[in-house]
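Visitor: Sequence first, then the predicted structure:
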Amino acid sequence: MKKNMGGVDKLIRLILAGIFIVLYFSGVIQGTLGIVLLVLASIFVLTSSISSCPLYLPFGINTIAKEKK
(Lines give C-alpha, C1' and ligand atoms only; values in the text may rest on other atoms or scores of the structure.)
Protein backbone atom coordinates (compact mmCIF):
# COMPACT_ATOMS: atom_id res chain seq x y z
CA MET A 1 0.00 0.00 0.00
CA LYS A 2 1.33 3.46 -0.88
CA LYS A 3 2.34 5.67 2.04
CA ASN A 4 0.15 8.77 2.28
CA MET A 5 0.47 9.94 5.91
CA GLY A 6 2.93 12.52 7.14
CA GLY A 7 4.52 12.79 10.57
CA VAL A 8 2.05 15.32 11.96
CA ASP A 9 -0.91 13.21 10.82
CA LYS A 10 0.55 10.11 12.48
CA LEU A 11 1.29 12.00 15.69
CA ILE A 12 -2.25 13.38 15.93
CA ARG A 13 -3.71 9.90 15.41
CA LEU A 14 -1.47 8.38 18.08
CA ILE A 15 -2.35 11.12 20.57
CA LEU A 16 -6.07 10.63 19.93
CA ALA A 17 -5.70 6.86 20.28
CA GLY A 18 -3.94 7.35 23.62
CA ILE A 19 -6.68 9.68 24.84
CA PHE A 20 -9.42 7.23 23.82
CA ILE A 21 -7.66 4.35 25.57
CA VAL A 22 -7.12 6.33 28.79
CA LEU A 23 -10.75 7.52 28.81
CA TYR A 24 -12.03 3.97 28.37
CA PHE A 25 -9.83 2.30 30.97
CA SER A 26 -10.32 5.07 33.53
CA GLY A 27 -14.08 4.53 33.28
CA VAL A 28 -14.94 7.98 31.93
CA ILE A 29 -16.40 6.47 28.76
CA GLN A 30 -18.28 3.17 28.94
CA GLY A 31 -20.63 0.99 26.96
CA THR A 32 -21.09 1.17 23.23
CA LEU A 33 -19.31 4.51 22.86
CA GLY A 34 -16.31 3.10 24.71
CA ILE A 35 -16.12 0.08 22.43
CA VAL A 36 -16.44 2.26 19.33
CA LEU A 37 -13.64 4.52 20.55
CA LEU A 38 -11.41 1.52 21.32
CA VAL A 39 -11.93 0.20 17.80
CA LEU A 40 -11.21 3.65 16.40
CA ALA A 41 -8.07 3.88 18.55
CA SER A 42 -6.83 0.54 17.22
CA ILE A 43 -7.45 1.70 13.63
CA PHE A 44 -5.53 4.92 14.35
CA VAL A 45 -2.57 2.97 15.75
CA LEU A 46 -2.59 0.55 12.81
CA THR A 47 -2.77 3.23 10.13
CA SER A 48 -0.06 5.25 11.89
CA SER A 49 2.25 2.27 12.08
CA ILE A 50 1.94 1.51 8.35
CA SER A 51 1.87 5.22 7.33
CA SER A 52 -1.11 4.67 5.08
CA CYS A 53 -4.79 5.52 5.39
CA PRO A 54 -7.14 3.64 3.02
CA LEU A 55 -9.74 6.44 3.28
CA TYR A 56 -7.25 8.92 1.83
CA LEU A 57 -6.81 6.93 -1.40
CA PRO A 58 -10.17 7.65 -3.12
CA PHE A 59 -9.86 11.36 -2.36
CA GLY A 60 -6.21 11.64 -3.38
CA ILE A 61 -5.17 13.02 0.01
CA ASN A 62 -1.47 12.87 0.82
CA THR A 63 -0.16 14.51 4.01
CA ILE A 64 3.50 13.66 3.44
CA ALA A 65 5.54 16.86 3.22
CA LYS A 66 7.05 17.42 -0.20
CA GLU A 67 10.81 17.82 -0.42
CA LYS A 68 12.13 21.24 -1.33
CA LYS A 69 14.62 21.28 -4.18
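Guide: Nice, thanks for sending it over. Here the structure is a predicted model, which means the values were calculated and not measured.
Visitor: The most centrally placed residue in the chain: what secondary structure?
Guide: Note on the chain: the residue nearest the mean C-alpha position is Phe44, at 2.6 Å, using CA atoms, centre = their mean. Reduced to three states with DSSP: H, G, I helix; E, B strand; the rest coil, the structure at Phe44 is helix.
Visitor: which residues does it contact?
Guide: By CB atoms under 8 Å, 6 or more residues apart in numbering, the residues touching Phe44 are 13-14, 16-17. Any C-beta I mention is one placed from the backbone N, CA and C, and that applies to glycine too.
Visitor: Please flag which of those residues sit within helices.
Guide: For the contacts of Phe44, membership in helices holds for 13-14, 16-17, with DSSP state H as the criterion.
Visitor: between those, which is closest to Ser51?
Guide: Ranking the ones in helices among the contacts of Phe44 by separation from Ser51, with CB to CB as the measure, puts Arg13 on top at 10.6 Å.
Visitor: Just give the number of residues close to the closest one.
Guide: In terms of burial, Arg13 registers 21 neighbours under the definition other CB atoms under 10 Å.
Visitor: That one contacts Thr47, correct?
Guide: Yes: Arg13 is in contact with Thr47 according to CB atoms under 8 Å; the separation is 6.6 Å.
Visitor: Find residues that contact each of those two.
Guide: Taking CB under 8 Å, 6+ apart as the contact rule, Arg13 and Thr47 both touch Met5.
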